[in-house]
Each structure stands twice: as structure tokens, then as C-alpha cells.
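Enquirer: quick check, what structure comes out for this input:
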Amino acid sequence: MSIHPSAIVAPGAQVPESCMIGPFTTIGPDVVLGEGCTLVSHVVLDGRTRIGARNVIHPFTAIGVAPQDLKYNGEPTATEIGDDNTIREGVTISRGTTKGGGITRIGSGCLLMAYVHIGHDSKVGNNCILANSATLAGHVIIEDNASVGAFSPVHQFCTVGQYAFIGGGTIVTQDVLPFSLTSSRRENKAFGINKVGLARRGFTPERLNTLQKAFRLLLTSRMNTSQALEKIREMEGDDVKIVADFIERSHRGVIK
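Expert: Numbering: from 1, shown residues only. Down below sits the predicted model:
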């Protein structure tokens, strides 16, 4: 085990010998680290925090710290992070609250760029990218393979659908459609599917064409959302079913 002499690891913390703990890092007594993690320097791990294998955490990151919620009263809530994530400088991840389910969860294979904030009780899926200073308020859900642009705040209780791409500087106050390219010019709009990103993820031309037809019904036809949803339900394919199911379960409404 490589632990710098200036690091502080509390009794009770579980740190495998394969981990590298850099200078001026502090690890609380209820922290569990997986194999092969690297904490570069000046990292704070607090609370009931469980981190998987092969994560790289950069300086001045704070994980599992108390939520920024005035109702929080020191309850033993938790933070869970999967495997193979890169967490860059200055990221803050708050642990959960009792009223929000008690846990903040990050999946595997994510890139959290510098100064990202993930608020209490948020859930981030696998292979997500949160660019510099993206901010998730409490209770936000980011589904698998989604990307949130730099300086984009996401309102409490919003959901960002899988494979969605949010452009930089977009203020998100409603749910973001899966597969969509959503950005802000004068107002927030979905501009169709995230065609380039989906192609890079291995979507076939047939899948892309089907999604484009569904999004035309939803975004550019003269139908209202209910009418477009009815037409989308008549289409074949798992992807369009995901879009339809997402719209139907949305509580805040979707950005169109």
C-alpha cells in the first residue's frame, strides 16, 4: 500500500494494498475503497462512502460530504461510486438525505470534469460525461451514456434520458429526452437526435432513421405531445419505446 506520510486514514477505513493515497488526503472511518484506486492528492472522502475499483480521483475533490440541505441533521446516509471513473479537480459529491432515499449514486466508466457538483440523492448512470462546472441539484437522475455540457445546471428532480447530450450553458428545468441533442440559444430546445454521438456509440443507420422519424413527430409536426406520443407508440423498435416510456413517466414535462 502506498500512503503518503501527510495523508490521514482514519481507523476503520478499508483501503486495499493496491491503492495509492496521495499527499494531504483524508479518508473517514466509514469509507470503503475498491482495488487499484488512485487518490492523487488533497482528496477528502467522508461519510458512509463506498467506492469501487480503479477509480482515479484528482486534487481538491470532496466525496461523501454532508449535503447542502438545511433539513439534513447528521443522519448516517451514504454515497456509492462504481468502477473505472475519472473524477477531476474540485468535484464535490454530497451524500444522500433520509427524505431522498438516503444515497447518492454514481455508476461506472464516468468522466466528471473539473468543478462538477453532484447534489444529494442524485443518481448518475454508467458511461456518463459531466463537463466542467456542470451542476446537479438534489434528486437528479442522469441515465446511462448521457452527457451534460459545461456550466449547465440541472434543476431538482429532473431526469436526463439515456444517450442525451446537453449543450454547454443550458439551464435544465424540465426532463431531457433520451437520445436528444438539447441546448440553449434564447430558450431551451431539443434540436433532434444526438446523431453524431449515437453513431459513435454504434447505433446503426436504421436505428438512427427510426429515432429521427419519432423526433420529427414530437418536435416539428403540428401535433401536441399526446398526439405525437400516440403515433410514436405505433412505430417499431426498442429505441422509440424508450422515448415514449420516458415521456409518459415524466413529472416535470420534457424539453421540446
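
Enquirer: assign a three-state SS to residue 59, would you?
Expert: Secondary structure state of residue 59, per DSSP: H, G, I helix; E, B strand; the rest coil, is coil.

Enquirer: that one and residue 7, how far apart?
Expert: Separation of residue 59 from residue 7 (CB to CB, to the nearest Å): 13 Å. (Glycine included, C-beta is placed from N, CA and C.)

Enquirer: where along the stretch 101-250 of the chain do the strands fall?
Expert: 103-106, 111-112, 117-118, 123-124, 129-130, 135-136, 141-142, 147-148, 153-154, 159-160, 165-166, 180-184, 188-193 (DSSP state E, counting those that start in this stretch).

Enquirer: and residue 208, which of those is closest to it?
Expert: strand 188-193 (6.8 Å; CB to CB).

Enquirer: and the closest one, what does it pack onto?
Expert: With contacts taken as 3 or more CB pairs under 8 Å, 6 or more residues apart in numbering; DSSP states H and E, strand 188-193 sits against strand 180-184, helix 205-219.

Enquirer: between residue 59 and residue 7, what contacts are shared?
Expert: Listed as contacting both residue 59 and residue 7 by CB atoms under 8 Å, 6 or more residues apart in numbering are residue 22.

Enquirer: for the helix or strand bottoming out on mean pLDDT in the chain, give me every contacting residue.
Expert: When the helices and strands of the chain are scored by mean pLDDT, DSSP states H and E, strand 188-193 comes last with a mean of 82. The contact list for strand 188-193 (CB under 8 Å, 6+ apart) reads 170-174, 176-177, 179-183, 208, 211-212, 215, 219, 254-256.

Enquirer: mind checking which of the residues you listed are buried?
Expert: Neighbour-count burial (16 or more other CB atoms under 10 Å) is assigned, among these, to 170, 172, 174, 176-177, 179-183, 208, 211, 215, 219, 254-256.

Enquirer: residues of the least confident helix or strand of the chain that come out buried?
Expert: By 16+ other CB under 10 Å, the buried positions in strand 188-193 come out as 188-190, 192-193.

Enquirer: one step back: of all the strands of the stretch 101-250 of the chain, which one is nearest residue 39?
Expert: When the strands of the stretch 101-250 of the chain are compared by CB to CB, strand 111-112 sits nearest residue 39, at 14.5 Å.

Enquirer: residues contacting that closest one, please?
Expert: If you take CB under 8 Å, 6+ apart as the criterion, strand 111-112 is touched by 85-88, 91, 106, 118, 128-130.

Enquirer: and for stretch 42-51?
Expert: Around stretch 42-51, the neighbours that count as contacts under CB under 8 Å, 6+ apart are 22-28, 30-34, 37, 39, 57-66, 76-81, 95.

Enquirer: take those residues and keep only those in strands.
Expert: Counted as lying in strands by DSSP state E, out of those, are 26-27, 32-33, 39, 57, 62-65, 78-81.

Enquirer: now distance to residue 235, pLDDT and neighbour count too, for the residues you listed, in CSV please.
Expert: What follows is those, written out as CSV (distance: CB to CB, whole Å; pLDDT from 0 to 100; neighbours: other CB atoms under 10 Å):
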residue, distance to residue 235, pLDDT, neighbour count
26, 53, 98, 19
27, 51, 98, 26
32, 45, 98, 17
33, 46, 98, 25
39, 48, 98, 30
57, 43, 98, 26
62, 45, 98, 17
63, 42, 98, 27
64, 44, 98, 26
65, 45, 97, 18
78, 41, 98, 17
79, 40, 98, 25
80, 37, 98, 19
81, 37, 98, 27
